[in-house]
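Trainee: test case, fold it:
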Amino acid sequence: MSVATSPCEAAAVPLDRGAGSVVPLRRPAVHGEAALSLRHLDGATRPADLYQRDPLSLRLPRPARGDILEACLITTSGGIVGGDRLDIAVTAGQGARARVYPQAAEKVYRSTGADSRIDVALTAEAGCWLEWLPQETILFDGARLRRRTTLDLAAGSRVLAGEFLVFGRRASGEQLARGLIHDAWRVSRDGTLVWADALHMDGDLAAPLTSPACLGGATAFASMIYAADDAASHLPALRDLLPAEAAEAQHALTAVNGLVVGRFIGEARAVRQSFGGFWAAARAALAGLPPYLPRLWQL
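Mentor: Numbering: from 1, shown residues only. You can find the predicted model right below:
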């Protein structure tokens, strides 16, 4: 009897023990949804609407003293398999202040052909502060992921958002040799597109991941966007918050169309440390918030 060792694989069960014939049993694809709307009421940020559908779930843990409302996103299936789809929407109303983050790293397992999709829609209304703080999305060899993050900004809103990719399970000796990665951003201000960006690799991934002209052997890649009416004016101060570069991790910030865009690249553990450290310092400098990450992010 042959049994798959990964959630993305079909378990092969004999029809006839003598003949040894097998039939694949496949888990049907899932479509998870999570939608959260926040409003500012009576001096505090409160949930206005919350919708969730398995395998996505939202929790509102108690924030640290002096911090803002927190929402924690949980994927109860333990990972994403080819054909799965996750739709996430967060709306921060006028004056709302919140930080949204996943409970743990997301795992994208090997696919037998179908693409996994993650769509994240962030909407920021006037006067709000919204953080979309990522943890790692770990791509197993053979994974096929299409992720799209859209950010709709109103004048007077402020958003700090990011995404974080890890290429393969290096701790298990696995290298990402094949699959699909399509990680796209679209940012609009008052209905006008101001930033569009996509990382796209398909098929044989060894060359782009190792080429000096592309990722140069990096095992992790994170992006960060700070969007505000005056974001570009904060570029020098934000650059001063970046940690010193090392062989294991490099990073840089630039300003594009009034946005500050950051890239963090290198060894996964070092990127996590530099990215997280910068994020904590940036939220303190930009919004006067405690320079700490959520407890779950530090586990």
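
Trainee: and the strands in the stretch 1-150 of the chain?
Mentor: Assigned by DSSP state E, counting those that start in this stretch, the strands in the stretch 1-150 of the chain fall at 11-16, 21-25, 31-41, 44-53, 56-59, 69-75, 85-92, 97-102, 106-108, 116-124, 129-132, 137-139, 144-153.

Trainee: and the stretch 151-299 of the chain, by the same measure?
Mentor: According to DSSP E, counting those that start in this stretch, the strands that the stretch 151-299 of the chain contains are 158-167, 178-189, 192-204, 220-227, 249-256, 259-266.

Trainee: Throw those into CSV and include distance to Leu242, mean neighbour count and mean pLDDT, thanks.
Mentor: All C-beta atoms are positioned from the backbone trio N, CA, C, and that covers glycine. Listed next are the strands of the stretch 151-299 of the chain as CSV, based on distance: least, C-beta to C-beta, whole Å; neighbours: other C-beta atoms under 10 Å; pLDDT from 0 to 100:
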stretch, distance to Leu242, mean neighbour count, mean pLDDT
strand 158-167, 14, 23, 97
strand 178-189, 21, 19, 97
strand 192-204, 20, 13, 95
strand 220-227, 11, 24, 97
strand 249-256, 6, 17, 95
strand 259-266, 8, 22, 96
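
Trainee: need those strands in JSON lines with distance to Leu151, can you?
Mentor: Below are the strands of the stretch 151-299 of the chain laid out as JSON lines (distance: least, C-beta to C-beta, whole Å):
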{"stretch": "strand 158-167", "distance to Leu151": "6"}
{"stretch": "strand 178-189", "distance to Leu151": "5"}
{"stretch": "strand 192-204", "distance to Leu151": "8"}
{"stretch": "strand 220-227", "distance to Leu151": "7"}
{"stretch": "strand 249-256", "distance to Leu151": "13"}
{"stretch": "strand 259-266", "distance to Leu151": "9"}
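
Trainee: nearest to Arg62, of the ones you listed?
Mentor: Closest of those to Arg62 is strand 158-167, at 21.4 Å (criterion: C-beta to C-beta).

Trainee: which helices and strands does that closest one pack with?
Mentor: In terms of contact count using 3 or more C-beta pairs under 8 Å, 6 or more residues apart in numbering; DSSP states H and E, strand 158-167 is assigned the packing partners strand 116-124, strand 129-132, strand 137-139, strand 144-153, strand 178-189, strand 220-227, helix 268-287.

Trainee: repeat that with 7 Å
Mentor: strand 116-124, strand 129-132, strand 137-139, strand 144-153, strand 220-227, helix 268-287 (3 or more C-beta pairs under 7 Å, 6 or more residues apart in numbering; DSSP states H and E).

Trainee: for these, which one sits closest to Ile68?
Mentor: strand 129-132 (7.2 Å).

Trainee: report the distance from stretch 258-275 to the chain centre.
Mentor: Distance, stretch centre to chain centre, for stretch 258-275: 12 Å (C-alpha atoms, centre = their mean, to the nearest Å).

Trainee: swap that for stretch 272-290, please
Mentor: For stretch 272-290 - counting by C-alpha atoms, centre = their mean - the centre lies 17 Å from the chain centre.

Trainee: before we move on, what about stretch 170-190?
Mentor: The answer for stretch 170-190 is 10 Å, by C-alpha atoms, centre = their mean.

Trainee: can you give me the end-to-end span of that stretch?
Mentor: Stretch 170-190 stretches 42 Å from its first residue to its last (C-alpha to C-alpha, to the nearest Å).

Trainee: the helices and strands packed on strand 158-167: which one's closest to Arg169?
Mentor: Nearest to Arg169 among these is strand 137-139 (6.6 Å), distances taken as C-beta to C-beta.

Trainee: quick one: average pLDDT of that closest one?
Mentor: For strand 137-139, mean pLDDT rounds to 96.
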